[in-house]
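Trainee: using only what follows, build the 3D model:
(chains A and B)
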Amino acid sequence: MSQKTQEKLLEIMNLKKQYDDVETLKDISLDVHKGEVVVVLGPSGCGKSTLLRCLNGLEEIQGGQIKLNGEVINADKTKWHLIRQKIGMVFQSYDLFPHMSIIENILLGPTKAQGRDKTEVLAQAEKLLTRVGLLDKKDAYPRQLSGGQKQRVAIVRALCMNPEIMLFDEVTASLDPEMVREVLDVMLELAKQGMTMVIVTHEMAFAKAVADRIVFIDEGQIAEIAKPQDFFNAPTTERAKRFLNIFKFNEESER
Amino acid sequence: MQDLGINVIFEGSNLLRLLIGLWVTMRIAIVAIAISVVFGIAFGIVMTVKNTFVQIVARLYLEAVRIIPILVWLFLFYFGLTKVLHIHLGAEVVSVIVFSLWGIAEMGDIVRGAITSLPAHQRASGRALGLTDLQIYRYIIIPQAVRRLIPAAINLATRMIKTTSLVVLIGVVEVLKVGQQIIEVSILKTPSASFWVYACIFALYFIICYPISLWSKKLELKWQNQ
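Mentor: Got it, this is the predicted structure:
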């Protein structure tokens, strides 16, 4: 899709994550280049969402390093809120703030966390809302929106911070099927514009279409990294084959 | 002429005296409620801290206030503290202290409940936007928690107003005490005085508490529609 540059934006080195005694992520090393779209796949419970949450400090890690633009970002816990301004994230749950209107939701981060000028942010927010077709909803409250609309707003809210990289954590997983497309389209559009993205999803067709690289995680480890056409047509590991077979079986049984 | 019992209210300065008594009641309640709201919110936030020691201390305080009757607290502070610490606190000051202690504990528990009932991803998405913990509380947690706790908090406030009638027993001359004084003076002349005086006090409490609960319903409705 987008042009991959050689410039490393995000570097993950030997990342380890433990909950009590359980090692959720064992030894993850991965580079994400500027403008690249990395899709993380894997069976549920494999640690892919946890990996995403580690990348912006929502989960503490027990070992390894994370670098953004060559700078280590996981060393100082008190600085995370500054790092997070550069790392946008959208969650599975509709995470808009219910007591704020759509536009207030979008303005909160840029004006309060980044201290930017309100009129400037407002102009940007309206432009972004127009792009996702929701400008007329700017004064509505989240509960007046459908799930798909809410997720599009959540994406706009993250984008309005002008992040260098966007993390998407199964953003379509709790949507009604007919609303999945509108959200994925927004993400495809972003990918075309060269946004660096790390996406966790269960939408295989979307993964194939949007990804520059597929990262397959199983049992807390990266089992396979491949170009999408290679991964889907000829996975090299047994575990990836098994994983993809589950989806094939689903497709057959749905017919 | 047949003496109508209700006249007892309007005789001399009786009504004015009742109102002054009511003012004493309200003064204690208002100060205690104000203190309870401010420190109760703080206490509620402290109770959400994941620290075993903090939680045990907070729990002990809350349970102590709940288990021991307010009247005992009043006696403890008014009679007990004076003897032990050799400080004399006025009855009204003691009342404010005891009602604040109660209010802070109950308000704290209400605030804790409201905060912990918020979905975890609200906080997570605030953090993902680069907000500091303080900003998350200021813009996300507190406004939503307030909306959730308003009904319970208003209920607590009216309960506090009503319960202030206990302070009679440590010698505060508030509306109930004034009522009793009026009854004692007029009971021979007007046998039905106690009925009318207490009916008047009933009405006064109603006039104070009813608008408060109406207001809370209005707030609830307003926030529901957002």
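Trainee: all contacts plus neighbour counts: C-alpha atoms, from now on.
Mentor: Noted.
Trainee: so the residue sitting nearest the centre point of chain B, which of the three states?
Mentor: For chain B, the residue nearest the mean C-alpha position is residue B:160 (2.7 Å; C-alpha atoms, centre = their mean). In three-state terms, and counting by DSSP: H, G, I helix; E, B strand; the rest coil, residue B:160 is helix.
Trainee: could you do residue A:32 as well?
Mentor: Per three-state DSSP, the local secondary structure of residue A:32 is strand.
Trainee: and residue A:215, how far is that from chain B?
Mentor: Residue A:215 sits at a distance of 23 Å from chain B (criterion: C-alpha to the nearest C-alpha, to the nearest Å).
Trainee: contact partners of the helix or strand containing that residue?
Mentor: In the assignment (DSSP states H and E), residue A:215 maps to strand A:213-218. For strand A:213-218, contacts defined as C-alpha atoms under 8 Å, 6 or more residues apart in numbering or on different chains pick out A:37-43, A:46-48, A:207, A:222-228, A:231, A:239-240.
Trainee: tell me which of these fall in strands.
Mentor: Of the positions in the contacts of strand A:213-218, A:37-41, A:222-226 sit in strands, assigned by DSSP state E.
Trainee: how about the residues you listed in JSON lines, adding pLDDT and neighbour count?
Mentor: What follows is those, written out as JSON lines (pLDDT from 0 to 100; neighbours: other C-alpha atoms under 10 Å in any protein chain shown):
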{"residue": "A:37", "pLDDT": "95", "neighbour count": "30"}
{"residue": "A:38", "pLDDT": "96", "neighbour count": "25"}
{"residue": "A:39", "pLDDT": "96", "neighbour count": "26"}
{"residue": "A:40", "pLDDT": "95", "neighbour count": "25"}
{"residue": "A:41", "pLDDT": "94", "neighbour count": "27"}
{"residue": "A:222", "pLDDT": "92", "neighbour count": "21"}
{"residue": "A:223", "pLDDT": "92", "neighbour count": "17"}
{"residue": "A:224", "pLDDT": "92", "neighbour count": "17"}
{"residue": "A:225", "pLDDT": "94", "neighbour count": "19"}
{"residue": "A:226", "pLDDT": "93", "neighbour count": "17"}
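Trainee: can I get the residues you listed in JSON lines with distance to residue A:215?
Mentor: JSON lines is the format used below for these (distance: C-alpha to C-alpha, whole Å):
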{"residue": "A:37", "distance to residue A:215": "11"}
{"residue": "A:38", "distance to residue A:215": "7"}
{"residue": "A:39", "distance to residue A:215": "6"}
{"residue": "A:40", "distance to residue A:215": "5"}
{"residue": "A:41", "distance to residue A:215": "6"}
{"residue": "A:222", "distance to residue A:215": "7"}
{"residue": "A:223", "distance to residue A:215": "8"}
{"residue": "A:224", "distance to residue A:215": "6"}
{"residue": "A:225", "distance to residue A:215": "5"}
{"residue": "A:226", "distance to residue A:215": "7"}
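Trainee: show me which pair in the residues you listed is furthest apart.
Mentor: A:37 and A:223 (18.3 Å; C-alpha to C-alpha).
Trainee: who in chain A is up against chain B?
Mentor: Residues of chain A lying close to chain B by C-alpha under 8 Å from any C-alpha of the partner chain are A:56, A:58, A:80-85, A:87-91, A:93, A:95-97, A:99, A:109, A:112-113, A:141, A:158, A:161.
Trainee: related to what we said a few turns ago, and which of the ones in strands among the contacts of strand A:213-218 is nearest residue B:44?
Mentor: Nearest member of the ones in strands among the contacts of strand A:213-218 to residue B:44, counting by C-alpha to C-alpha, is residue A:40, at 40.0 Å.
Trainee: what is that closest one paired to in the beta sheet?
Mentor: Beta-bridge partners for residue A:40, by DSSP bridges, are residue A:200, residue A:215.
Trainee: that one: what's it in contact with?
Mentor: Counting by C-alpha under 8 Å, 6+ apart, residue A:40 touches A:48, A:198-201, A:214-217.
Trainee: dump those to CSV, plus pLDDT and neighbour count.
Mentor: Below are these laid out as CSV (pLDDT from 0 to 100; neighbours: other C-alpha under 10 Å):
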residue, pLDDT, neighbour count
A:48, 90, 29
A:198, 96, 24
A:199, 96, 28
A:200, 95, 26
A:201, 92, 21
A:214, 95, 25
A:215, 95, 25
A:216, 94, 24
A:217, 93, 25
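Trainee: could you name the helices and strands sitting against the longest helix seen in chain B?
Mentor: The residue-count maximum for a helix in chain B (DSSP state H) belongs to helix B:14-47. Secondary-structure packing of helix B:14-47 (3 or more C-alpha pairs under 8 Å, 6 or more residues apart in numbering or on different chains; DSSP states H and E): helix B:52-67, helix B:91-116, helix B:142-163, helix B:175-186.
Trainee: and of the ones you listed, who's closest to residue B:193?
Mentor: Set against residue B:193 and scored by C-alpha to C-alpha, the helices and strands packed on helix B:14-47 come closest in helix B:175-186, at 5.7 Å.
Trainee: could you look up the SS state of the residue of chain B found nearest chain A?
Mentor: Among the residues of chain B, residue B:130 lies nearest to chain A; the distance is 4.4 Å by C-alpha to the nearest C-alpha. Assigned with three-state DSSP, residue B:130 falls in the coil class.
Trainee: and it, how many neighbours?
Mentor: Applying other C-alpha atoms under 10 Å in any protein chain shown, we find 27 other residues in the vicinity of residue B:130.
Trainee: now do residue A:236
Mentor: Residue A:236 has 15 neighbouring residues, counting by other C-alpha under 10 Å.
Trainee: how about it: what's its closest non-neighbour residue?
Mentor: residue A:224 (7.6 Å; C-alpha to C-alpha, 6 or more residues apart in numbering or on different chains).
Trainee: which residues touch the one you found?
Mentor: Residue A:224 makes contact with A:214-217, A:236-237, A:240, according to C-alpha under 8 Å, 6+ apart.
Trainee: go again using 10 Å as the cut-off
Mentor: A:41, A:214-218, A:231, A:235-237, A:239-240 (C-alpha atoms under 10 Å, 6 or more residues apart in numbering or on different chains).
Trainee: hey, what's it bridged with?
Mentor: Note on residue A:224: beta-bridge partners by DSSP bridges are residue A:216.
Trainee: okay, the angle between the longest helix of chain B and helix B:175-186?
Mentor: Between helix B:14-47 and helix B:175-186, the angle comes out at 160 degrees (axes from the mean of the first three to the mean of the last three C-alpha atoms, to 10 degrees).
Trainee: buried set for helix B:14-47?
Mentor: The neighbour-count check on helix B:14-47 (16 or more other C-alpha atoms under 10 Å in any protein chain shown) flags B:14-15, B:17-22, B:24-30, B:32-33, B:35-37, B:39-47 as buried.
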